[in-house]
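Student: Need the 3D shape of this:
(one chain, ligands or ions: 1)
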Amino acid sequence: MNEQIITVTNLTKQYQETQVSGISNISFSIKRGDIVAIIGESGSGKSTLLKCIYGLLKPDEGEVLLNNQRVKGPDEQLIPGNTEMKMVTQDFSLNIYAKVYDNIASMLSNTDIKAKQEKTMEMMEHLHITKLKDKKIIELSGGEQQRVAIAKALISDTKVLLLDEPFSQVDYLLKNQLRADIKRLAKETGLTIILVSHDPTDGLFLADQLLILKQGILLQNDKPETIYQNPSALYTAQILGNAVVLDAVQANKLGLKTQKQHVVFYPEWVELKSTWNSRRFEVKEVYYKGFYDELLLERNGVTIRALQLNSGEHKKNDHVQANIGRFLAF
Ligand SMILES: Nc1ncnc2c1ncn2[C@@H]1O[C@H](COP(=O)(O)OP(=O)(O)OP(=O)(O)O)[C@@H](O)[C@H]1O
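Tutor: Below you'll find the predicted structure:
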């Protein structure tokens, strides 16, 4: 069996000829059973790419292969989309007057009623919505509706699940739970998942492969940890983490030499010491974050951020030595 389930080649879709909009010359492939996260700022082309993969939008150039078969565009078939893929959009496409159970079960055939009941109950358990079984969709919160929509997409033995902002409606606790459930489901069932998100932590937590989009261009395509540790552009570091960005003048004031325009590092790359032979910074603010503090440090009029795992160790107005162990220049 082919390891790659999806291959995207030179995919281009422009909405307007004069402006940058849509996506441009995107190529990548996806391994069967992987979770792929598409991350980028608003308007970077994430939904356009997802719709082209699903066959809802016709690309101007390039193609998408699913199991070596070209995905047909909306003008080539009666019902746009693809039967081997399921897409959960932000409007959920549920029958709002029908019950949760019926919405999910409606995806299965009636040939074996017992199997249909068992499978529906099992899927509701996976998504933690068993208690909502007899409620109508209209009576549910946004987050609950989102879980029903995912259950409905998953139950029909789909090969590829496309999720557009899957956790936008759920609270922090449930989001973590759902992310873990989706990861487990993907690994158990061999399902391939492509998700689009504003939230970089979705990609870092969930994905086997991360795609970074900027203005319709694919900037980086790699494992999340590789991209996080080695962002190829300033944009990537900013979008993925809580990166500190200094211009060359500021960097120079801290003794960070560069020929480039910007210096970038993550707060966790800054090492703190209580004694200060050199690199003496003043603690301007301490932000309590639970099991760690984020410190705002200043030296020569330049402010940086650092983490202190030993919460409370350095306090406001203290002086510390801060070594920026590693930085990148762009
Ligand atoms: N139907 C359309 N007609 C014209 N321009 C469009 C259309 N759909 C999207 N665009 C433009 O294409 C670009 C990419 O849009 P897209 O919706 O793919 O971005 P996105 O990354 O999904 O954004 P968001 O995170 O805000 O949903 C944007 O500049 C958008 O304005």
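Student: would you list every one of the helices in the protein?
Tutor: 46-54, 100-105, 113-126, 142-155, 172-189, 200-206, 224-229, 234-240, 248-253 (DSSP state H).
Student: Would you mind pulling up the elements that the helix or strand bottoming out on mean pLDDT in the chain packs against?
Tutor: Least confident helix or strand, the chain: helix 172-189 with a mean of 82, by mean pLDDT, DSSP states H and E. Where contact means 3 or more Cβ pairs under 8 Å, 6 or more residues apart in numbering; DSSP states H and E, helix 172-189 is packed against strand 35-40, helix 142-155, strand 192-197, helix 200-206. Heads up, the C-betas are built off the backbone N, CA and C, glycines and all.
Student: Out of the ones you listed, which is closest to the ligand?
Tutor: strand 35-40 (5.3 Å; Cβ to the nearest ligand atom).
Student: Just the C-alphas of that closest one, formatted as CSV.
Tutor: Provided in CSV are the C-alpha atoms of strand 35-40 (Å, rounded to 0.1, in the frame of the first residue of the first chain):
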residue,chain,number,x,y,z
ILE,A,35,-2.4,14.4,11.5
VAL,A,36,-1.5,17.5,9.5
ALA,A,37,-2.1,21.0,10.9
ILE,A,38,-2.2,24.0,8.6
ILE,A,39,-1.3,27.1,10.6
GLY,A,40,-1.2,30.7,9.4
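Student: do that strand and the ligand meet?
Tutor: Yes - on the criterion Cβ under 6 Å from any ligand atom, strand 35-40 is in touch with the ligand at Gly40.
Student: for that strand, packing partners?
Tutor: Using 3+ Cβ pairs under 8 Å, 6+ apart, strand 35-40 is in contact with helix 46-54, helix 172-189, strand 192-197, helix 200-206, strand 209-214, helix 234-240.
Student: what's near enough to touch the residue nearest in space to the middle of the chain?
Tutor: Among the residues of the chain, the one closest to the centroid is Gly203, at 3.5 Å (Cα atoms, centre = their mean). Gly203 is in contact with Ala37, Ile39, Ser197, Leu210, Pro224, Leu240, counting by Cβ atoms under 8 Å, 6 or more residues apart in numbering.
Student: Quick check, pLDDT for the first one.
Tutor: At Ala37 the predicted local distance difference test score is 96.
Student: now do the third one
Tutor: Looking at Ser197, its pLDDT is 89.
Student: doesn't Phe167 make contact with it?
Tutor: Yes - using Cβ atoms under 8 Å, Ser197 makes contact with Phe167 at a distance of 7.3 Å.
Student: out of these two, which sits in the more crowded spot?
Tutor: A direct count of neighbours by other Cβ atoms under 10 Å for Ser197 and Phe167 places Phe167 higher, at 24 against 21.
Student: list the contacts for that one?
Tutor: Gln146, Lys175, Leu178, Arg179, Ser197, Asp199, Asp202.
Student: Give me the buried subset of those residues.
Tutor: Gln146, Lys175, Leu178, Arg179, Ser197, Asp202 (16 or more other Cβ atoms under 10 Å).
Student: could you measure the residue lying closest to the second one once chain neighbours are set aside against Ser47, distance?
Tutor: What it means is Lys175. Spatial nearest neighbour of Lys175, excluding adjacent residues (Cβ to Cβ, 6 or more residues apart in numbering): Phe167 at 4.7 Å. Computed as Cβ to Cβ, to the nearest Å, the Phe167 to Ser47 distance reads 16 Å.
Student: and what of Val283?
Tutor: To Ser47, Val283 is 43 Å away according to Cβ to Cβ.
Student: returning to what we had before: quick one: the least confident helix or strand of the chain to helix 142-155, angle?
Tutor: Put simply, helix 172-189 runs at 0 degrees to helix 142-155, going by axes from the mean of the first three to the mean of the last three Cα atoms, to 10 degrees.
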